[in-house]
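here's my sequence, what's the structure:
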Amino acid sequence: MAGRIEDYALIGDMQTAALVCRDGTVDWLCLPRFDSHAIFAGLLGTEEHGFWRLGPAFASDQEPPTAARRHYRGDSLILESEWDTQRGTVRVTDFMPPRDGAPQLIRIVEGVSGRVPMRSELRMRFSYGRVVPWVHKHEGRTVAVAGPDSVWFDTLAETYGESLTTYSDFTVSPGDRIAFTISWQPSHKEPPALPEPEQSLEATEDFWREWVDHCTYHGPYREAVVRSLITLKALTYAPTGGIVAAPTTSLPEDIGGVRNWDYRYTWLRDAAITLSSLLRTGYREEARAWREWLLRAVAGDPENLQIMYGIAGERELGEAELDWLPGYENSAPVRVGNGAAHQLQLDVYGEVTEALHLAHMTGLARNDYASLLQLKLIRYLEGHWQEPDEGIWEVRGPRRHFVHSKVMAWVAVDRTIKLIESGDADGPLERWKDLREEIHRDVCEKGYDKERNTFTQSYGSKELDASLLLIPQVGFLPPDDKRVIGTIEAIQRELSTADGFILRYPTEGDDEGVDGLPGDEGAFLACSFWMADDLAMIGRVDEARRLFEKLLSLRNDLGLLAEEWDPRLQRQVGNFPQAFSHVPLIDTALRLTASGAYGG
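Numbering: from 1, shown residues only. A predicted model of the protein is given here:
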């Protein structure tokens, strides 16, 4: 059975990623890309669906021992786990070197004290655990082949096969270092080069040290901010600049429920807010690469802007269910692809325009097509902003006039007006100023409940929605506006858990709610960070700091966050790690630091 979501560590090479559990088991790895088929899918099933365990040997009737300590080596994505056993102490270093050739996952076992018996247990299952590959020896190397894929396993330790699994039993003493590497290669090509684990380790450490040196944030929350930035970098697909929302699929928002989605794609919304955080912490090259990705993905058809694309800009992300996988803790179905790709979500136009605006304001080199794209998006919004849509939360129920969508349409128009006023674009300035005013008036008249002094989830509804917390943050209304303060306080009353964290919107248990799905979900971490931001903006800075630091305490021991927090089970839920949680962590840290609202 897979570990708790927070029991996992992330390692990656900025093209794909693996999750490593506390017991030394890699339960999730897709090769060669984030969105490729998994060769280890035990996370969503059982050991029969693929895993790689490396740790102290244990009896067959016992559970594998968990590491006594683990940490990332400095500000890097190199994981070090240590076990204390009756016979001594051993360390395993796991990492994926930034790719220069075949993708590799390298694991180095090091004896620290005593003589520790160890075991490597490698069970490769291609196509998300469905296909058993042909495993054989080729010129002294072990290779697993199935269809277009081959995975090469290299080590100086003795190996043997048993029950469709590759084993290695060995003992380490102080000073011993034994490396194990798997490398992916298209099966029709020549074998990948023999790995050089020690050189790769040194190069990987150098890469992360140099990258982190560019961070311009040196405030009191630097540790949390830097770890979040490293996580966002790890979720960036280096060849194109696309940023995945998470490296996993179908980790449930409701344990045992059906709220299981594939997040291994690039949401324009998530990527745009990620770009914002990167720009404000000194990472201009990542911002430039994302802008180029966006222009390629949208090229030729900006009027049919999708809410998400593949990491290379693919448009077709057809959704399917993998019925041979029982799901994480029996949370079925397991889905790959995402049917929400073709939803209408008007807020995306605002997020993309805001990202382009910020890139322009921070001095990113001008791109004429980016300005042209921005103008085309506004021309589309002119004719469509009044339509109902599926909204920021991708509801699978009927379309509505979501207030947040209208607010972000206003943002799109407002930022484009600013672009024209700066002299960097030409457009019908007065007409779009009238449009901006029309959208603003429409939202304030139809999306605001005067009796309760709060904006609502959609026109004419009584429900609240945590996305309304963004109203002051995007400048739609000033923080001291009584309607803003009323909305913040209403969300605190009606969408807050006992722990003080924030739900996205009301759910209906076994009945279908506004999102068209049964079941409930945990507190949405991004929304909880938004609440801390808003509290700081309206002058309640001590309360904001307390909430922020409470949110920081939810991170696992390695500083990682999933999408949500289940207040009933007191555990992380949803896909992991989640960009949409780490980005607002950075933003809130920057805001609180600027305000001086932090503990001594």
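
what's in contact with the helix or strand encompassing Arg227?
Following DSSP states H and E, one finds Arg227 within helix 222-234. Here helix 222-234 makes contact (C-beta atoms under 8 Å, 6 or more residues apart in numbering) with 10, 12, 14, 17, 72, 75-77, 208, 211-212, 215, 217, 219, 243, 247, 274, 277-278, 281, 283, 286, 552, 555, 558-560, 577, 579, 582-583, 585-586, 589-590. Quick note: C-beta positions are derived from backbone N, CA and C, even for glycine.

tell me what the helix or strand just after that helix is packed against?
The C-terminal neighbour of helix 222-234 among helices and strands, as given by DSSP H and E, is strand 236-237. Counting contacts by 3 or more C-beta pairs under 8 Å, 6 or more residues apart in numbering; DSSP states H and E, strand 236-237 packs against strand 242-243, helix 284-298.

please enumerate the strands of the stretch 301-450 of the chain.
308-309, 320-321, 335-336, 448-449 (DSSP state E, counting those that start in this stretch).

including distance to Glu47 and mean neighbour count, could the ones you listed go into JSON lines?
Below are the strands of the stretch 301-450 of the chain laid out as JSON lines (distance: least, C-beta to C-beta, whole Å; neighbours: other C-beta atoms under 10 Å):
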{"stretch": "strand 308-309", "distance to Glu47": "32", "mean neighbour count": "26"}
{"stretch": "strand 320-321", "distance to Glu47": "22", "mean neighbour count": "13"}
{"stretch": "strand 335-336", "distance to Glu47": "21", "mean neighbour count": "20"}
{"stretch": "strand 448-449", "distance to Glu47": "53", "mean neighbour count": "17"}
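
what about those strands, which gets the closest to Pro388?
Pro388 lies closest to strand 448-449 among the strands of the stretch 301-450 of the chain, at 17.7 Å (C-beta to C-beta).

listing partners with orientation, what would you give for the closest one?
strand 454-455 (antiparallel) (DSSP bridges).

the partner strand - what's its average pLDDT?
Averaged over strand 454-455, pLDDT sits at 98.

thinking again about what came up before, out of the strands of the stretch 301-450 of the chain, which comes closest to Asp424?
Closest to Asp424 of those, according to C-beta to C-beta: strand 308-309, at 26.1 Å.

chain center to that closest one: distance?
What separates the centre of strand 308-309 from the centre of its chain is 14 Å, taken as C-alpha atoms, centre = their mean, to the nearest Å.

same deal with stretch 73-87?
The chain centroid and the centroid of stretch 73-87 are separated by 24 Å under C-alpha atoms, centre = their mean.

quick one: end-to-end length of that stretch, please.
For stretch 73-87, the first-to-last residue distance is 25 Å (C-alpha to C-alpha, to the nearest Å).

what of stretch 442-461?
Terminal-residue distance, stretch 442-461 (C-alpha to C-alpha): 15 Å.

next, the buried residues of that stretch.
By 16 or more other C-beta atoms under 10 Å, the buried positions in stretch 442-461 come out as 442-443, 447-449, 454-459, 461.

and the host helix or strand of Val90, what does it pack against?
In the assignment (DSSP H and E), Val90 maps to strand 88-95. Applying 3+ C-beta pairs under 8 Å, 6+ apart, one finds that strand 88-95 contacts strand 9-12, strand 51-56, strand 79-85, strand 104-114, strand 116-123, helix 197-212.
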